[in-house]
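**Student:** next come a sequence and a model predicted from it.
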Amino acid sequence: GQNIDQPTEMTATEGAIVQINCTYQTSGFNGLFWYQQHAGEAPTFLSYNVLDGLEEKGRFSSFLSRSKGYSYLLLKELQMKDSASYLCAVPLTDSWGKFQFGAGTQVVVTP
Amino acid sequence: DGGITQSPKYLFRKEGQNVTLSCEQNLNHDAMYWYRQDPGQGLRLIYYSQIVNDFQKGDIAEGYSVSREKKESFPLTVTSAQKNPTAFYLCASSNQGGETQYFGPGTRLLVL
């Protein structure tokens, strides 16, 4: 079966750094996606990792370790607008087109 | 502008009524998806379509139906058989399966 785990909620102050971990167990692997979802809105694409290592995009970075079934999303210089849910997602290799989504990590940024 | 649209933003359903949620994309994507999101939960796949005139059941297809008569359109019908339809419904599309999915703004369905 497929399983994705991520923490339910994290709180951090403006200007700080937060690391959101995601562990996955899949029968195959075709990469890992991170999405940001503000309350009541659609998820928006943040990053895609298919090879081990760190991918940096401005204030957001994503890391992948395929051998450990582990990824993290790093948010730096937190801003109030970063308060949102962050979803980890893995495309399934045994079912074309299907993604397994984590339940999301709610990040709360405080002043 | 290219994108994916859903309508309506809010939809109210009476007991025993079927309702249809619209999803349109002009991204020229082959694949389209419908997800259901409940408070505090992740996205659950209802139906998906790889190509026109073809669609597959997702993990929670019971009580729902879809059609894919045009590449741009993938409407979802919530039937009276769906006993707990209150949720946030998200439509998505991707160039091909397994590639980045782009989401519409969502439809919130409420039961009267």
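**Tutor:** Received, thanks.
**Student:** list the contacts for the residue in chain B that chain A sits nearest to?
**Tutor:** Going by CB to the nearest CB, chain A is nearest to B:Gly97 of chain B, at 3.0 Å. For glycine as for every other residue, the C-beta is placed from the backbone atoms N, C-alpha and C. Taking CB atoms under 8 Å, 6 or more residues apart in numbering or on different chains, we find B:Gly97 in contact with A:91, A:96-98, B:31, B:50.
**Student:** any figure for the gap between B:Leu21 and A:Val109?
**Tutor:** B:Leu21 is 32 Å from A:Val109, where distance means CB to CB, to the nearest Å.
**Student:** who's more crowded, those two?
**Tutor:** Set side by side, B:Leu21 and A:Val109 show more neighbours around B:Leu21, with 23 against 20, by other CB atoms under 10 Å in any protein chain shown.
**Student:** can you give me the pLDDT of that one?
**Tutor:** The model reports B:Leu21 with a pLDDT of 96.
**Student:** can you tell me the element it falls in?
**Tutor:** Assessed by DSSP states H and E, B:Leu21 sits inside strand B:19-25.
**Student:** outside of that strand, which residues touch it?
**Tutor:** B:3-8, B:11, B:13, B:32, B:34, B:72-78, B:89, B:91, B:93, B:102, B:104, B:107, B:109.
**Student:** filter those residues down to the ones near chain A?
**Tutor:** Here is what survives when the contacts of strand B:19-25 are matched to chain A using CB under 8 Å from any CB of the partner chain: B:102, B:104.
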